[in-house]
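A.B. asks: Fold the following, please.
(chains A, B, C and D)
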Number of protein chains: 2
Amino acid sequence: MPMNATPRQSDKAAARAANSQLVRDFGLLIKSATRLEQRIDSALRRECGISHTMLEVLIRLCRQPGEEVSQRQLADDLTLTSSGTTRLIDRMEEAGLVRRLPSPEDRRVALVEPTDEGRAVFLRAAPVHARVVEECFVKPVAPDDYARLTSALSEIHQALGEDAG
Amino acid sequence: MPMNATPRQSDKAAARAANSQLVRDFGLLIKSATRLEQRIDSALRRECGISHTMLEVLIRLCRQPGEEVSQRQLADDLTLTSSGTTRLIDRMEEAGLVRRLPSPEDRRVALVEPTDEGRAVFLRAAPVHARVVEECFVKPVAPDDYARLTSALSEIHQALGEDAG
DNA sequence: AGTCAGCAATTGCTTGCTCAGTAATTGAGA
DNA sequence: TCTCAATTACTGAGCAAGCAATTGCTGACT
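C.D. replies: Have a look, this model is predicted:
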């Protein structure tokens, strides 16, 4: 494997790879998603006093009454580690938004349930969330593109789920 | 503003809003982007010893020789605060990947320049990056959808850039 | 019954970021 | 020319996440 002082052919190829359209498209995805999430997060903090992550938890807990969710399930849904989830739920419990209760079926699992306060906050936050999504995500996209966008995202998401290594 | 014990009509509407297709589509975007970035990041750490963020810096520094970039510019490009950028460059300088030099035009700005080591790492990392992007982002998407995906992303990105408040 | 591999949750430590506040420098207007 | 608001970078403090190691529990296999 010879190493020259002057750039080799393959070096130029590598440099080109980093600037390829595909890689830039990818960058656009990451950047847009990052900014979107920041937008949502700051709107929620300002108007409702909770983070976006906390709202995502509440969304899953408030689907229907009596349907508690395990931390494991939340972790998977939110793309978090279990330790991250533990501490997220700690903070939400501290804030009076949720409550932990032991699972009757498996004493390892901690089920999470919203408090009345949690439900109330959810009801205030959901429209804020929906509003920002509408403004920053749905509205800017041409209707023709929208369907393709979501199907592309599903494909990506599914591919990522399969080879979960 | 009357408050009843039983859920009001508007509460149901709020709950429905949180479960609307639009909001779920948005969730899919966030989740896919998060996972994609994790994938890239861990591949780069494992195979090249740098984070995804660091590679993004190197990409911008290695475009062409002699084109130094200010930290401000990097911060904007990477969606970071300026203090985050300061410390990122601190770490990269520590690792011997980049060097700071004062701007001759404006003594406030710190220009950033890659070292030889930084360029070498970039050349090793770029193909890894490209490979994962290809596998996880480009390949899973049907060709018909791909063009729409990127145009949708551009529209979103542009909309986010305009009302930068 | 007894063992043991595996999973859920938690905890200590580290990392990578933000926020708020500071200092130096610039450029535009009185 | 002087002043002053805006801009660039840096620093201290704090927060939210990850990783690694631990505990308690479960279910499967001998």
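
A.B. asks: For chain A, just list every one of the strands.
C.D. replies: Along chain A, counting by DSSP state E, strands occupy A:69-70, A:98-102, A:110-114.

A.B. asks: What residues of the second one count as buried?
C.D. replies: So that's strand A:98-102. A:98-99 (16 or more other Cβ atoms under 10 Å in any protein chain shown). Placement of C-beta: from N, CA and C, glycine included.

A.B. asks: Check the gap between residue A:101 and chain B for me.
C.D. replies: As judged by Cβ to the nearest Cβ, to the nearest Å, residue A:101 and chain B stand 22 Å apart.

A.B. asks: Export the strands of chain A as TSV, with columns for mean pLDDT.
C.D. replies: Output for the strands of chain A, formatted as TSV (pLDDT from 0 to 100):
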stretch	mean pLDDT
strand A:69-70	98
strand A:98-102	97
strand A:110-114	98
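
A.B. asks: will you turn those into TSV that also has distance to DNA strand C?
C.D. replies: Listed next are the strands of chain A as TSV, based on distance: least, Cβ to the nearest atom of the strand, whole Å:
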stretch	distance to DNA strand C
strand A:69-70	4
strand A:98-102	6
strand A:110-114	4
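
A.B. asks: of those strands, which approaches residue B:125 most closely?
C.D. replies: Residue B:125 lies closest to strand A:69-70 among those, at 38.2 Å (Cβ to Cβ).

A.B. asks: That closest one pairs with which strands?
C.D. replies: As defined by DSSP bridges, the strand partners of strand A:69-70 come to strand A:110-114 (antiparallel).

A.B. asks: Is any residue of the strand it pairs with near DNA strand D?
C.D. replies: No. Against DNA strand D, strand A:110-114 shows no contacts by Cβ under 7 Å from any atom of the strand, the least distance being 11.1 Å.

A.B. asks: tell me which residues in that strand are buried?
C.D. replies: A:110-114.

A.B. asks: Could you quantify the relative orientation of it and strand A:98-102 as an angle?
C.D. replies: Angle of strand A:110-114 versus strand A:98-102, following axes from the mean of the first three to the mean of the last three Cα atoms, to 10 degrees, is 150 degrees.

A.B. asks: Now chain A against DNA strand D: closest residue?
C.D. replies: Closest to DNA strand D within chain A is residue A:84: 2.5 Å, counting by Cβ to the nearest atom of the strand.

A.B. asks: Would you mind listing what in chain A touches DNA strand C?
C.D. replies: So far as Cβ under 7 Å from any atom of the strand goes, chain A lies against DNA strand C at A:42, A:70-72, A:75, A:82-83, A:85-87, A:89-90, A:100, A:106, A:108-111.

A.B. asks: List only those of those flagged as buried.
C.D. replies: A:70-71, A:75, A:85, A:89, A:109-111.

A.B. asks: what's the spacing between the closest residue to residue A:139 other than its chain neighbours and residue B:152?
C.D. replies: Closest residue in space to residue A:139, ignoring its immediate chain neighbours: residue B:159 at 7.4 Å, by Cβ to Cβ, 6 or more residues apart in numbering or on different chains. Separation of residue B:159 from residue B:152 (Cβ to Cβ, to the nearest Å): 11 Å.

A.B. asks: Neighbour count for the two, which is higher?
C.D. replies: residue B:152 (26 against 18; other Cβ atoms under 10 Å in any protein chain shown).

A.B. asks: one step back: gap between the residue of chain A closest to DNA strand D and residue A:94?
C.D. replies: 16 Å.

A.B. asks: quick one, which of those two is more surrounded?
C.D. replies: Each of residue A:84 and residue A:94 has its neighbours counted (other Cβ under 10 Å); residue A:84 has more, 14 against 9.

A.B. asks: In space, what's closest to that one - neighbours in sequence excluded?
C.D. replies: Nearest to residue A:84 is residue A:75, by Cβ to Cβ, 6+ apart, at 7.3 Å.

A.B. asks: same thing with residue A:70?
C.D. replies: residue A:109 (4.6 Å).

A.B. asks: next one: residue A:25
C.D. replies: Nearest one to residue A:25, counting by Cβ to Cβ, 6+ apart, is residue B:150 at 4.9 Å.

A.B. asks: Give me the pLDDT value at that neighbour.
C.D. replies: pLDDT for residue B:150: 93.

A.B. asks: Am I right that it is in contact with residue A:28?
C.D. replies: Yes. Counting by Cβ atoms under 8 Å, residue B:150 touches residue A:28, with 6.9 Å between them.

A.B. asks: neighbour count winner among these two?
C.D. replies: Neighbour tally, residue B:150 and residue A:28, criterion other Cβ under 10 Å: the higher count belongs to residue B:150, 21 against 16.
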